[in-house]
Structure formats: C-alpha cells, structure tokens
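> Coordinates only, no sequence provided:
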Ligand SMILES: NC(=O)C1=CN([C@@H]2O[C@H](COP(=O)(O)OP(=O)(O)OC[C@H]3O[C@@H](n4cnc5c(N)ncnc54)[C@H](OP(=O)(O)O)[C@@H]3O)[C@@H](O)[C@H]2O)C=CC1
Ligand SMILES: CC(C)(CO)C(=O)C(=O)O
C-alpha cells in the first residue's frame, strides 16, 4: 500500500484526496502547518455531497496519521501560499518521496526544486478538472487528471513509472505525455489569457463562447505566450489558440476561471504566476509584452480594490 501526502486540501486537493480515500487502495495524509493543525485534525470536507475525514499532520503534531515519509506528495495550494506549503513538505519528505506541485503555471517546479531538490520533483499540473470550493464544501462535475512527467528525462524515467503505479493504486486519473513541457505551456497559454481576462472583466465562459471582442483579446494574449514559447524552443504552435477557442465552447457557460473566483472572494490571485512570469521571461528575452503588462497592473489594481492586496 503506497503512502500519499496532500499539501493543500482545497478544491483540487480535496477532490483528488476524496477519490483516493473512496478507493481505499492507499494511505492518505494531509499535511498542514502547525497553525492550521487544530482546524484540520477534525475537519470534515464534503466532496460532491459526500463527507470525507482526512488524517492530518503538521511538523509539531504527527500522531493520528501514518508515520514516516510518503511515496508521493501532491502539493495543491495556490501560488501565493507555495513557499509556506513547501516548508511543511520539506519537513516530511523522505529521500525517495516524489513530489508533484500540481499548481497552474510554470514556476512551482522551479520553487519546489530549490526547496526539495531536483531528484524528488516531477513536472505536473491538473487538466480538465472543474472543482470549486465553498468553505468546507467542494464540488466538481469533471475530475480531469494530473498530467505529469520528468524533465528532461521523459516518460520512461523510473520515477515516472513509480508515480504511475502510485496514482493507479490511489485511483487518481493521470496522463503521462511525451512532452510535458509543451503540455504545460499549452495550459499556461490558456491561464495567461482566459484566467487573467476573465478576472479583470469578471466574465463567465458564456462570453468566451460568444463575445467577439473577448475572443479577439484572448487571441492577442495567447499570441504573446506562443511567441515566447517559440523563442524558448518549446513546441507550442498557433494552432493551439483555435484549439482552445473551440474547446471552451464545451465549458459550462456559467462556469468561471479560478482567478475570477479569487477576485470575487477577495483573495490574492496567481497573477505573479501568469503575467508576472510572462513579464520576467519577456525581459530576459528582450521582448515587449504589452497585453500582459496591462493585465499585470489591472489585476493588481483589482486585488487592491477587493482588499486582498495592501494599498501602496
Ligand atoms: N480549482 C480548479 O478547478 C483548478 C485549479 N487549478 C490550480 O490548482 C492549484 C490549486 O488550486 P485550488 O485547489 O483551486 O486552490 P484552493 O484555494 O481551493 O486550495 C488551496 C489550499 O491550500 C491550502 N494551504 C495554503 N497554505 C497552506 C499551507 N501552508 N499548508 C497546507 N495547506 C495550505 C489552503 O488552506 P486554507 O483554506 O486553510 O488556507 C487551501 O485549502 C492552483 O494553482 C490553481 O490555479 C488548476 C485547474 C483547475
Ligand atoms: C479551468 C482552467 C483551465 C480555466 O482557465 C483553469 O486552470 C483555472 O480556472 O485555473
């Protein structure tokens, strides 16, 4: 029986954690920092209407959950919480613990490698999942999958094979693509355009499907991502843009991106992961990215307006 840690029992962590608890094939433990422990040790989370109780542990309170290091750690927090969550992860990771930071964007693996070392970290993200958290309730229509791989080793790396076995036993859907970096950039392109524009404009998917002006903006922002990807030698072509605009037609018209939900809830967003990272890469490569520059500032203003970011 493999041992799996979940760091971040939010929309994603609770959805995949519940799948694994229900299957009962693996041991599941939720890791939190000491300040959260008293809340999480008794927390009941309702996932799609069914109650789930996860065994929790923190660096100072390890009783009541399995002992020793996990075989796989799934880190599923939002980007502003990543450093803190990885501090917790570091205190539990064993020499052979594999780590997946399933956050959106391209930065979480870089931070995880800095904190936990290259050997433990696989590249990963979530695809096709549409889970939403309201307090201790999590709901989803599509469970999607964790997409992962090893960079630069590829799909045959022994750590990838081991992680497949672990996820298989846990019942968590997954995909191992040939080129994980290309897949990550494709998702990044969707988040940089869709999440950011929907957050600024506070528009649901019906506008992505019908509004010509929004579609023109989505295209323009996606072109900035495709341009950078190509400069970096990543296999992302302009075809991905039409692919996305077609696939978004199948989304629930009333659905909202996670960044739009963050703005509505008055939380800090993942803007540093999207426009922030785009601008950093643009600067390194000497490329101006006017759409992302505008989005970066607009989103930070929205965060301030929503009370999530301190006024300067
Ligand atoms: N939701 C979705 O459908 C999708 C999300 N994603 C991406 O997945 C990632 C996770 O998103 P999501 O699940 O929605 O985020 P949530 O905000 O729902 O959950 C994050 C969780 O992390 C927990 N957390 C924060 N800090 C710590 C810490 N130090 N130790 C332990 N836990 C901590 C939070 O706990 P607390 O509540 O106690 O603060 C919260 O429960 C993001 O990058 C998002 O963009 C990608 C695809 C779809
Ligand atoms: C569902 C999707 C792909 C929307 O852009 C997403 O990743 C998010 O909302 O964070």
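Done, it's in. Given the structure is predicted, the values throughout are model-derived calculations rather than measurements. Ligands and ions are numbered 1, 2, ... in the order given.

> Look through this protein and tell me its longest helix.
helix 212-231 (DSSP state H).

> Please, where are all the helices along the stretch 101-250 of the chain?
108-116, 158-170, 180-190, 196-201, 205-210, 212-231, 239-247 (DSSP state H, counting those that start in this stretch).

> right, is the helix or strand bottoming out on mean pLDDT in the chain up against ligand 2?
Within the chain, no helix or strand scores below strand 132-134, which has a mean of 89 by mean pLDDT, DSSP states H and E. No. Counting by Cβ under 6 Å from any ligand atom, ligand 2 is not contacted by strand 132-134; separation bottoms out at 9.6 Å. Quick note: C-beta positions are derived from backbone N, CA and C, even for glycine.

> Spatially central residue in the chain, please.
For the chain, the residue lying nearest the average C-alpha position, counting by Cα atoms, centre = their mean, turns out to be residue 103 (2.0 Å).

> Which residues of the stretch 101-250 of the chain lie near ligand 1?
Counting by Cβ under 6 Å from any ligand atom, the residues of the stretch 101-250 of the chain near ligand 1 are 102, 103, 104, 126, 129, 130, 131, 133.

> top of the residues you listed by neighbour count?
Top of these by neighbour number is residue 103, holding 26 neighbours under the definition other Cβ atoms under 10 Å.

> need the contact list for that residue.
75, 76, 77, 78, 79, 82, 125, 270, 273 (Cβ atoms under 8 Å, 6 or more residues apart in numbering).

> Next: residue 226.
With Cβ under 8 Å, 6+ apart, residue 226 has these contacts: 189, 236, 237, 238, 240, 241.

> Any chance of TSV for these, columns distance to residue 167 and pLDDT?
Listed next are these as TSV, based on distance: Cβ to Cβ, whole Å; pLDDT from 0 to 100:
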residue	distance to residue 167	pLDDT
189	25	98
236	26	97
237	29	96
238	33	97
240	26	98
241	31	98
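
> Got a quick PyMOL command for the buried subset of the residues you listed?
This is how PyMOL selects the buried members of the contacts of residue 226, with burial counted by 16 or more other Cβ atoms under 10 Å:
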select buried, resi 189+236+240+241
